[in-house]
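# take this sequence and fold it.
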Amino acid sequence: MFEVKISEQIQKLHFNELIKAIKGDGVVSGLEVTAAGGMDLNVSEGAAIIDGTLVSFSATTVTVPAADPLYPRKDIVVAKSDGSIE
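Alright, predicted model coming up:
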């Protein structure tokens with residue numbers, strides 16, 4: 001059997017810093033994006049780690065603006081650290 005000693009410095013790590021060190025940034029749960037019809041997208045509730053901080057999100061609908069008729073595009077849905085989604 002062995003004993004693990006945790007230093008005082010590690011004990012003082014802020015919880016969010018520990019999450020960032022273990023997992024990194026990204027989706028923790030939910031935040032699934034599905035077509036809602038027309039130019040609307042539904043985003044399910046969920047949580048993500050952004051800059052080492054766990055952020056919760058409510059379900060929402062995002063409206064994608066009309067595309068340029070001449071140029072192809074790719075759209076991206078962004079979960080922001082203030083809890084908003086755009």
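# all contacts plus neighbour counts: C-alpha atoms, from now on.
Will do.
# if you rank every helix and strand of the protein by mean pLDDT, what lands last?
One helix or strand of the chain scores below all others by mean pLDDT, DSSP states H and E: helix 8-11, with a mean of 52.
# centre-most residue in this protein?
Centroid-nearest residue in the chain, with CA atoms, centre = their mean: residue 48, separated by 3.2 Å.
# list the buried residues for the helix or strand harbouring that one?
For residue 48, the element it lies in under DSSP states H and E is strand 46-50. Buried residues in strand 46-50, counting neighbours by 16 or more other CA atoms under 10 Å, are found at 46, 47, 48, 49, 50.
# so can I have a markdown table of the residues you listed showing pLDDT and distance to residue 25?
Formatted as a markdown table, those follow (pLDDT from 0 to 100; distance: CA to CA, whole Å):
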| residue | pLDDT | distance to residue 25 |
| --- | --- | --- |
| 46 | 90 | 14 |
| 47 | 89 | 11 |
| 48 | 88 | 7 |
| 49 | 85 | 5 |
| 50 | 87 | 5 |
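# tell me the spacing between the residue lying closest to residue 77 once chain neighbours are set aside and residue 56.
Of all residues not flanking residue 77 in the chain, residue 86 sits nearest, at 5.7 Å (CA to CA, 6 or more residues apart in numbering). Distance, residue 86 to residue 56, using CA to CA, to the nearest Å: 15 Å.
# mind checking which of those two has more residues around it?
Each of residue 86 and residue 56 has its neighbours counted (other CA atoms under 10 Å); residue 56 has more, 19 against 13.
# backbone dihedrals for the more buried one, please?
Phi and psi for residue 56, reported as degrees, to the nearest 10, are phi -100, psi 150.
# wait, it sits on residue 50?
No: between residue 56 and residue 50 there is no contact under CA atoms under 8 Å: 10.3 Å.
# who touches both of those two?
Common contact partners of residue 56 and residue 50 (CA atoms under 8 Å, 6 or more residues apart in numbering): none.
# where along the protein do the helices fall?
8-11, 15-22 (DSSP state H).
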